[in-house]
Every structure is written in C-alpha cells, then in structure tokens.
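> Need the 3D shape of this:
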Amino acid sequence: MADIKWVVVKTPNPTRGAELRFAEAELRRHLPADVKWCFPAEGGGMLDIAEASTADLVLVIAHPWISLDGRCLDRLLDSLASGYDVVEACDSNNFLPMQTPDYATLRGMERYVDAQGQPSTCRLEVGGESSSLLQLMTVDALNRYGDAELIVGRVAGAYLHDASGYFSGSRSDVVAMIPDTTRVCLDVGGGLGNFLKLAKSQLGVETHLVELDCDIAEQARASKCADFVTSGDFLQYSASPVFDCITFLDMLEHVENPEKYLLHSKRLLSDNGVVIASIPNVGHWSVVVDLLEGRWDYAPAGIQCITHLRFFTLKSILELFDRCGLTVERAEPVSVPCPARWNADLRGFDGLSLDMNGLNTYAYLVVGRPMAK
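Numbers count the residues shown, from 1 in each chain. The predicted structure follows:
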C-alpha cells in the first residue's frame, strides 16, 4: 500500500495556541515526512489536481484538533487495500460500532482500542457528507465523493479522540454553583464565553470575560457570548464594577503562580463575593494506572494537557486556597469512577492509606470566600 501523499483539512482552526500546535505536531508524527497539506478554507479548492495523481492517497480530516491512536492510520490503509474506495475512522463523538469510550488519557485510549479486539470494517451507505472526523481515500475517490458506486467502510479499531471543544465548554455544573445573590460575574480564561452565555440565560447576571488568547477573545467578542470581553493577562486587569462571583474554570493549573491570580481576584470581589474554580485532579485513577505502567503522556487537553504548569489533588487545592485567605465552603467532586476491574487491585496495597474518593474524582469544583479580616 502506497504512503499517504496529501492531507486535506476541511476546517482549519483559526486559533494557533500551544495546545493546537501540539496536536498538529503529534498528527504529523504519524504521517510521512513529505506529505503535502491542503487547507481549502484558505486556498479555495480541495486539491490542485495538476500536482496530484488520481491514485494518490488522501487523508481528509475535519479539523486538526485530534489525537490519533497509534494504529489508526495503518488499520485504515489495510482496509482500503481490501477493496474499499473510502474508509473512515471512529472517534470519541462517533464511536459506533465500537463500544462507549471509557478513557481519560492517551494511554487509556490505547487500552480502550485494545479492548475492542481485532479491527473490522463495516460497509456504509453513501449519502452526503460523512460525520467522521477522518477519512482515507484516493484523489479519484475524493473527486467522486458522494457517488453511489463508491464502496465506503467504517473501521472499528481505527480510532481518534476529538479535542475541538477545548475552548467552548458551557459548564452547566458550575452555573448551578453560582450564588443566587450574584448580579455581576467575571470568568477568567473563559475561552469563547459559552459558560457566561449560559449563566446569563439562566441567572440574568451581567457577564465579564477576561481571556489571554487574543484570537479567542476576539471570537468571543464577535459572538456576544459575554456582555464585556477583555483580552490580556488577568493580573493586569482592573474594572470599575466589583464582582459577586469570579470563576477560574480549568485555568489555574495553566499559570506559573496560581496564588497571584486568587489574590488578585479577592481585590475585585464584592463584600459577599465568592471565587469558584474547577481544577483537575492529578490523583485520578486514569493518571495513577498510567504511572503504574510507566506512562505519562501529554495531550492537547485533559488532566495531562501540554500547557499545564501546576498539578493538584484535593489536599493541595485546599492548601492553595488557605494560603490565599479563602475559606473553602464547598469542594464538589466531578466523578469519573475507576473501572470495577481495578478497584480490588488498587485497594490491595498493604500499608498505604488510599484515597479512593480521590481516585474516582476527575476534577474538583471549589467555592471559596475571603476569610474575615
């Protein structure tokens, strides 16, 4: 089977942050060094046919914000060679006929794919655009895509993870924790502002967003997800209103000195204001079992995100808030339980006082209030 010659990206992500650069670099690692990239949204056409042979192999991806299982492309190549015109991978949003995903790390994704057994290909009906994030075909098949005569297959065992929602989460679980007395809410590092949009629709609060990434802030401003959007470093931010609630949602782990951010937030709070933070738990079972296998794999998103500078358990979260003069009123676990098959094994370590609650917690939602002076 010939090598892949082209990569066609349907919708290039306009944000060029470190997380996306990492995802693209990892994708390139799985491809031939001389592969040619085509971004139709920038160039206007799918491929320059003058440069491409109709027999050339093309990898078509919906966007570059993906993480491949290491066997994905080889399995697609094998299925294409077995008589299909187009083959497509399963992914974390469109996983059928594979089982429901149950992983939280890259190594966990490998175990998930292992559990599916030998790869198999099922024939699909061709009808319009596919929802698959990744497809492999020839240039000829690309030009004839949608033709009823094309034989299209979906490969169970060729798998990738979709991390494109990194900046767009709405976090309804956090909205439920905002005090009823809140009139003005500030979200720090809130991406595209979907959390604030939901908070405003449900609570009627005035919303403010501070986002370090200029491109993301501009998108948030254009979409009007927040009443006020500021681009820049929160430590340099000052505002005339005082805030009844300031949120740090999966943000404090990305900064060198989280204490500075919490201390600055206290200066901007109203008399009865609170700080709410969502902080991933490095003591989660998904990380622990990886370490038992000698693995720590950075990823574009998640507990092992490539841009995380600090790592926390519940104990260190409580200590962080205490150092900053914040009383923790609530610390709610975001539960992603350990698989039953590992529970007994993890409990079997003599002499260790295991935090089973921590092992089952993916992140903590923390509400802090300034201590009385």
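
> residue ranges with poor pLDDT in the stretch 251-373 of the chain?
The stretch 251-373 of the chain contains residues with pLDDT under 70 at 347-348, 373.

> After the helix or strand harbouring residue 273, heading C-terminal, what element do we hit next?
Per DSSP states H and E, residue 273 falls inside strand 269-280. For strand 269-280, the succeeding helix or strand toward the C-terminus, using DSSP H and E, is helix 285-292.

> ok, residues contacting that next one?
With contacts defined as Cβ atoms under 8 Å, 6 or more residues apart in numbering, helix 285-292 is touched by 103-105, 107-108, 296-297, 303-304, 336, 338-339, 342, 346, 359-360, 362. The C-beta positions use only the backbone N, C-alpha and C, and glycine is treated the same way.

> switch to 10 Å and redo it
102-108, 111, 280-282, 284, 295-297, 302-304, 311, 336-339, 342-343, 345-346, 354, 356, 358-362 (Cβ atoms under 10 Å, 6 or more residues apart in numbering).

> what's the answer for stretch 176-184, then?
171, 185, 199, 202-208, 227-228, 239, 241-247, 270, 272-274, 276, 278, 329-330, 332, 365-367, 369.

> just checking, which of these belong to strands?
185, 206-208, 228, 243-247, 270, 272-274, 276, 278, 329-330, 332, 365-367, 369 (DSSP state E).

> Using ChimeraX, make a named selection holding only the buried ones among the residues you listed.
Buried residues within these, by 16 or more other Cβ atoms under 10 Å, are selected in ChimeraX with:
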select :185,206,207,208,243,244,245,246,247,270,273,274,276,278,332,365,366,367,369
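
> quick one on the thing from earlier: distance between the strand holding residue 273 and the chain's centre?
24 Å (Cα atoms, centre = their mean, to the nearest Å).

> Show me what stretch 213-226 is in contact with.
13-18, 166-168, 170, 185-187, 189-200, 206-211, 228-232.

> what comes up buried for that stretch?
Quick answer for stretch 213-226 (16+ other Cβ under 10 Å): 213, 216-217, 219-221, 225-226.

> Return the distance of it from the chain's centre.
That offset, for stretch 213-226, works out to 19 Å (Cα atoms, centre = their mean).

> Using PDB, write out every CA atom in that stretch.
Output in PDB follows, covering the C-alpha atoms of stretch 213-226 (Å, rounded to 0.1, in the frame of the first residue of the first chain):
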ATOM      1  CA  ASP A 213      -5.600  34.400  23.900                       C
ATOM      2  CA  CYS A 214      -6.300  37.400  21.600                       C
ATOM      3  CA  ASP A 215      -7.800  35.300  18.800                       C
ATOM      4  CA  ILE A 216     -10.200  33.500  21.200                       C
ATOM      5  CA  ALA A 217     -11.100  36.800  22.900                       C
ATOM      6  CA  GLU A 218     -12.000  38.400  19.500                       C
ATOM      7  CA  GLN A 219     -14.200  35.400  18.600                       C
ATOM      8  CA  ALA A 220     -16.000  35.700  22.000                       C
ATOM      9  CA  ARG A 221     -16.400  39.500  21.400                       C
ATOM     10  CA  ALA A 222     -17.900  38.800  17.900                       C
ATOM     11  CA  SER A 223     -20.300  36.200  19.100                       C
ATOM     12  CA  LYS A 224     -21.500  38.400  22.000                       C
ATOM     13  CA  CYS A 225     -21.400  35.500  24.500                       C
ATOM     14  CA  ALA A 226     -20.400  37.900  27.200                       C
END
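
> pLDDT averaged over it - what is it?
Stretch 213-226 carries an average pLDDT of 91.

> what about residue 160, helix or strand, and which?
With DSSP H and E as the criterion, the answer for residue 160 is strand 152-162.

> Against which helices or strands is that strand packed?
Packed against strand 152-162 by the contact rule (3 or more Cβ pairs under 10 Å, 6 or more residues apart in numbering; DSSP states H and E) you find strand 66-68, helix 72-81, strand 86-91, helix 106-114, strand 120-124, strand 134-138.

> ok, 6 Å please
strand 66-68, helix 72-81, strand 86-91, strand 120-124 (3 or more Cβ pairs under 6 Å, 6 or more residues apart in numbering; DSSP states H and E).

> quick check: angle from that strand to strand 86-91?
For strand 152-162 against strand 86-91, the angle by axes from the mean of the first three to the mean of the last three Cα atoms, to 10 degrees is 30 degrees.

> Isn't residue 371 up against residue 329?
No. Checked against Cβ atoms under 6 Å, the pair residue 371 and residue 329 is beyond contact range at 11.2 Å.

> Output the strand holding residue 273 in CSV, but only the C-alpha positions, please.
Only the C-alpha atoms of strand 269-280 are listed here, as CSV (Å, rounded to 0.1, in the frame of the first residue of the first chain):
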residue,chain,number,x,y,z
LEU,A,269,-14.8,40.8,44.8
SER,A,270,-17.9,42.5,46.4
ASP,A,271,-18.3,42.2,50.2
ASN,A,272,-20.1,38.9,49.8
GLY,A,273,-18.4,37.7,46.7
VAL,A,274,-17.1,34.2,46.0
VAL,A,275,-14.4,32.6,43.9
ILE,A,276,-15.4,29.4,42.0
ALA,A,277,-12.7,27.2,40.5
SER,A,278,-12.7,23.9,38.5
ILE,A,279,-9.3,22.2,39.0
PRO,A,280,-8.4,18.8,37.5
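
> Report the angle between that strand and helix 285-292.
Using the same axes, to 10 degrees: strand 269-280 against helix 285-292 is 50 degrees.

> and strand 269-280, which strands flank it?
Strands that pair with strand 269-280, judged by DSSP bridges, come out as strand 243-249 (parallel), strand 361-370 (antiparallel).

> which SSE is residue 59 in?
Per DSSP H and E: residue 59 is located in strand 57-61.

> Give me the distance between the nearest residue to residue 220 once chain neighbours are set aside and residue 83.
Of all residues not flanking residue 220 in the chain, residue 193 sits nearest, at 4.1 Å (Cβ to Cβ, 6 or more residues apart in numbering). Shown here: residue 193 relative to residue 83, a distance of 48 Å by Cβ to Cβ, to the nearest Å.
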